[in-house]
Each structure stands twice: as structure tokens, then as C-alpha cells.
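Trainee: sequence first, predicted model second:
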Amino acid sequence: MDTLIAQLQRQFRDYTISLYHQGFLDDQFTELKKLQDECSPDFVAEVVTLFFEDCEKLISNMARALDQTGNVDFKLVGSSVHQLKGSSSSVGAKRVKGLCITLKECCDTQNYEGCVRCLQQVDIEYKTLKAKLQDLFNLEQQIVQAGGRIPQVDI
């Protein structure tokens, strides 16, 4: 059992480090993890779940606004992307935040094609991050179920 726990913990460390090195996460995610404790063991998963729910709504709103060919409300898209950028920043979703900055620039210049292209990238990136974080949370659950502790990962 100890070897299983050690293996899972090593896998957790390696996977976490890879998420940072690949640019999916930044230091804000580390700060968020520090707020999680024994009293609220699912804190990060709950915050991240709310973030992803917010992402879906905002991306859907922007897609609808951009679907109004010839009558695009760039202010509405810009407002939504500003919200998404703030949410991304607060959970440490580095790639999503970076794409939001580019999308905001496209909105400011009313670059329709750029907005559509960036929004597609934001959608792909958020879905990729969601899957990767789900894998990370699953690893955490496996460690706890095996009787181990989630290791502290220094980046």
C-alpha cells in the first residue's frame, strides 16, 4: 500500500509540475491551493468548478454576440472577455488569461475575424484545462482513498 501511495504522490507531483511548465497554470493557482485545508478539502475543486461554469456561460454569451453578423456588439463581447480574464487570473488559468488579453484587443479594434478565432482558442483552452485539472483532482482522490496525504509541490 505504501508503494502505491508513493507512486500516486510522485505521479501527482510530476503532473502538477507539468501543468505549470506547459503554461496551463501560474502562481495564482499555488496561492489558491494554500487556502485549502483539512476543514475545506475540496475548496480548490469547488472554486475551479465555479470558474468552469462561468467560462461556459461567458463563452456562450460571446459566441451569441459574435453570431450577429453585421451587427456585433463588441462592447458586450469586450465586457464578457474582461470578466473571463479576471476569473482566469484569480484561479491561475494562465493560458486562458493570455488568450483573453488577445481577444480583448480584437474587440477593442472591432476585428471580427480575430474575435471569432480567439474565442475558438479560448474555448479549446478552457476545455483542455478543465480535463487536466479533473485528472489532477482524480489523482488527489486516489491518494486520499489509499490513505495518503496530498504532497506539497514546489514549483
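Mentor: That came through fine. On a predicted model such as this, the values are computed, not experimentally measured, just so you know.

Trainee: stretch 79-88: which residues count as buried?
Mentor: 79-81, 83-85, 87-88 (16 or more other CB atoms under 10 Å). Placement of C-beta: from N, CA and C, glycine included.

Trainee: export those residues to CSV and append columns for distance to Y20, secondary structure and pLDDT.
Mentor: Listed next are the buried residues of stretch 79-88 as CSV, based on distance: CB to CB, whole Å; DSSP: H, G, I helix; E, B strand; the rest coil; pLDDT from 0 to 100:
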residue, distance to Y20, secondary structure, pLDDT
S79, 30, helix, 96
S80, 27, helix, 97
V81, 24, helix, 97
Q83, 25, helix, 97
L84, 21, helix, 98
K85, 20, helix, 97
S87, 19, helix, 97
S88, 15, helix, 97
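
Trainee: can you give me the helices in the protein?
Mentor: For the chain, the helices defined by DSSP state H cover 2-21, 27-34, 43-66, 74-91, 94-108, 112-145.

Trainee: could you give the angle of the last one to helix 2-21?
Mentor: Helix 112-145 and helix 2-21 meet at an angle of 160 degrees, taking axes from the mean of the first three to the mean of the last three CA atoms, to 10 degrees as the criterion.
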